[in-house]
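K.L.:
sequence and predicted model, in that order:
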Amino acid sequence: MDSVFRALADPTRRAVLERLGARPASVSELAAHHRMALPSFLDHLKTLEGAGLVRSRKVGRVRTYELSPDRLRVAEDWLSRQRSVWEGRLDRLDAYLLSMKKEKPE
């Protein structure tokens, strides 16, 4: 899970994931949208692939990347659990503050 969140922490990598959400794309198609040297961009793809968020295949000289949504579910599940925990805490705080307001003499 740490590698997934580490990969998602960078705006370039998030942009690549958004782009791949539409359809698979070659390295050159993906890199064309970013102003950086190709080796730097390839490091981003390597990080995404290492986290299991994308997978690639090479046909001839063209490497194509596609989204691997199963790993995104790891982050989604964790965030969902955290949302439930914090909603419960906030509901209890709200109830406590309302009870304090009712007890306060006017």
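P.N.:
Cool, got the structure.
K.L.:
and the helices in the protein?
P.N.:
Assigned by DSSP state H, the helices in the chain fall at 2-8, 11-22, 27-31, 38-50, 69-103.
K.L.:
which secondary structure elements does the longest one contact?
P.N.:
Think helix 69-103. helix 2-8 (3 or more C-beta pairs under 8 Å, 6 or more residues apart in numbering; DSSP states H and E). C-beta coordinates here come from the backbone N, C-alpha and C atoms, glycine included.
K.L.:
what about the residue lying closest to P24 once chain neighbours are set aside, neighbour count?
P.N.:
Take P24 and drop its neighbours on the chain: the residue closest to it by C-beta to C-beta, 6 or more residues apart in numbering is E66, 3.9 Å away. Around E66 there are 14 other residues, counting by other C-beta atoms under 10 Å.
K.L.:
which stretch among the helices of the chain comes nearest K58?
P.N.:
Within the helices of the chain, the stretch nearest K58 is helix 27-31; the backing value is 9.8 Å (C-beta to C-beta).
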